[in-house]
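[1] dropping a prediction and its sequence here:
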Protein chains: 2
Amino acid sequence: MSRADEIMDVANHFILERGYSAFSYADIAGEIGIQKASIHYHFPSKANLVQSVVGRYRQQIKSNLALLDGMEGDPQEKLTQYLNYWEDCLEAQATDICLCALLASEIPILPDEVRSEIMAHFEELTDWFTRLLKESKVPLQYTTADVSDEEMAHGILAGIHGGMLAARTFNDVGQFRMIKSGLLHQIHPAK
Amino acid sequence: MSRADEIMDVANHFILERGYSAFSYADIAGEIGIQKASIHYHFPSKANLVQSVVGRYRQQIKSNLALLDGMEGDPQEKLTQYLNYWEDCLEAQATDICLCALLASEIPILPDEVRSEIMAHFEELTDWFTRLLKESKVPLQYTTADVSDEEMAHGILAGIHGGMLAARTFNDVGQFRMIKSGLLHQIHPAK
DNA sequence: GTCTATAGCCCGATAGAC
DNA sequence: GTCTATCGGGCTATAGAC
């Protein structure tokens, strides 16, 4: 693994733990065992480093979604897979939530490059959820309550983010599982 | 208004804008027009100041909920009122979301006193939602999907928090209104 | 690519005068 | 209660040797 990748890995970890403003080049340097100046060689500025980390994260998620797109299965099965992915992450480490959801709370003070990445990621995810819902061959639970696919897609994103935050706050994956269960009930075929 | 209250007001504003770690005594002092040392007279430490601000915030919300408890109306009407409250806040200022939801993203690095306040607030809110749902005299939409009151209460909290974050990220209250609409549809009486 | 050294700035907190 | 002054530390970023 290249030094740049190593730096991004450690940066990713510290961002998840402390957020944008409270992690530092010194943290990363200390963890890897190099000097701060060496990081500046690979990533000239903090904004640049975080943009790179977020860009890499977005690519990972995109390839996960592409994998799900290529699979057989009902929309509700694919959403289940996506939710399972995050449940597994949270189980491994309660602090391991969506990088963009975490950074979003610092939106007003983020550099423009980073803010744009986060907004683009949210839009991409919402679009994916919407497309997924529209694919359903049968009416789903939420449609019987006169909720549109777009509304439901936004509701899924909000539920996931709020659920991650709750799980992290209480260091309890059960909080996320509860939201997952509620969302999946809304996605199930109507009776 | 006392100087201490003035300090807490300004601190509240800067926390909402920048989070715990990125706001400073210097910010507050500059805004009010006093010296940093004067703030330390009223609030010996940053942890103490933020705990006070969060404590005051929790009291405000508690009195709002007590007001709703004292009113006539179906559960879904009361939840609507609560969601309207936040919609109004967001309309006035896109950065004005729940103080605890915002601080929750910094949970791992918050002082213990502050972390406890946030967890207690979330539990209180969830309990209030649960009680509200159990009061309903008629079956609600979500109950037809085999979702328990407790699950739904957690879902409401997560949806609200995720919705706030989205509205703030895109500086667009519409994002919150969409989540509000989805939640209320789930709370409506079943057909 | 990595290092040492440093510039220029911000931070929370305290001492002590008024 | 508010001030000035300061301590000891942190930060991002750069210059220049190796």
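    Sure, I can see it.
[2] pLDDT averaged over stretch A:84-101 - what is it?
    The average pLDDT within stretch A:84-101 is 97.
[3] so what touches that stretch?
    A:12, A:15-17, A:53-54, A:57-58, A:64, A:117-118, A:121-122, A:160-161, A:164-165, A:167-168, A:171-173, A:176-177, A:180, B:108, B:165 (C-beta atoms under 8 Å, 6 or more residues apart in numbering or on different chains). C-beta: built from backbone N, CA, C; applies to glycine.
[4] for that stretch, the distance to its chain's centre please.
    Distance of stretch A:84-101 from the chain centroid (C-alpha atoms, centre = their mean, to the nearest Å) equals 8 Å.
[5] list the buried residues for it?
    A:Trp86, A:Glu87, A:Cys89, A:Leu90, A:Ala94, A:Thr95, A:Asp96, A:Ile97, A:Cys98, A:Leu99, A:Cys100, A:Ala101 (16 or more other C-beta atoms under 10 Å in any protein chain shown).
[6] ok so the fifth one is a strand residue?
    No - membership of A:Ala94 in a strand is not supported by DSSP: H, G, I helix; E, B strand; the rest coil, which gives coil.
[7] closest to chain B out of the buried residues of stretch A:84-101?
    Closest approach between the buried residues of stretch A:84-101 and chain B, by C-beta to the nearest C-beta: A:Thr95, at 6.0 Å.
[8] any idea how far that closest one lies from DNA strand C?
    Counting by C-beta to the nearest atom of the strand, to the nearest Å, the gap from A:Thr95 to DNA strand C is 23 Å.
[9] out of the contacts of stretch A:84-101, which are buried?
    Here, 16+ other C-beta under 10 Å leaves A:12, A:15-17, A:53-54, A:57-58, A:117-118, A:121-122, A:160-161, A:164-165, A:167-168, A:173, A:176-177, A:180, B:108, B:165 buried among the contacts of stretch A:84-101.
[10] sort out for me which of those residues are in helices.
    Those of the buried ones among the contacts of stretch A:84-101 mapping onto helices are A:12, A:15-17, A:53-54, A:57-58, A:117-118, A:121-122, A:160-161, A:164-165, A:167-168, A:173, A:176-177, A:180, B:165, per DSSP state H.
[11] the residue nearest to the spatial centre of chain A and A:Leu16, how far apart?
    Central residue of chain A (C-alpha atoms, centre = their mean): A:Cys98, 2.8 Å from the mean position. Taking C-beta to C-beta, to the nearest Å as the measure, A:Cys98 falls 9 Å from A:Leu16.
[12] anything in contact with each of the two?
    When contacts are counted by C-beta under 8 Å, 6+ apart, the set common to A:Cys98 and A:Leu16 is empty.
[13] how much space between the closest residue to A:His42 other than its chain neighbours and B:Lys46?
    Leaving aside its chain neighbours, A:His42 sits nearest to A:Ala4 (4.7 Å; criterion: C-beta to C-beta, 6 or more residues apart in numbering or on different chains). For A:Ala4, the distance to B:Lys46 equals 35 Å [C-beta to C-beta].
[14] more neighbours, these two?
    Counted by other C-beta atoms under 10 Å in any protein chain shown, A:Ala4 and B:Lys46 do not tie: B:Lys46 has more neighbours, with 18 against 14.
[15] residues in contact with that one?
    Applying C-beta under 8 Å, 6+ apart to B:Lys46 gives the contacts B:Tyr25, B:Pro111.
[16] next: A:Thr80.
    With contact taken as C-beta under 8 Å, 6+ apart, A:Thr80 is in contact with A:Leu184.
[17] can you tell if stretch A:184-191 touches chain B?
    Yes - judged by C-beta under 8 Å from any C-beta of the partner chain, stretch A:184-191 comes into contact with chain B through A:His185, A:Gln186, A:His188, A:Lys191.
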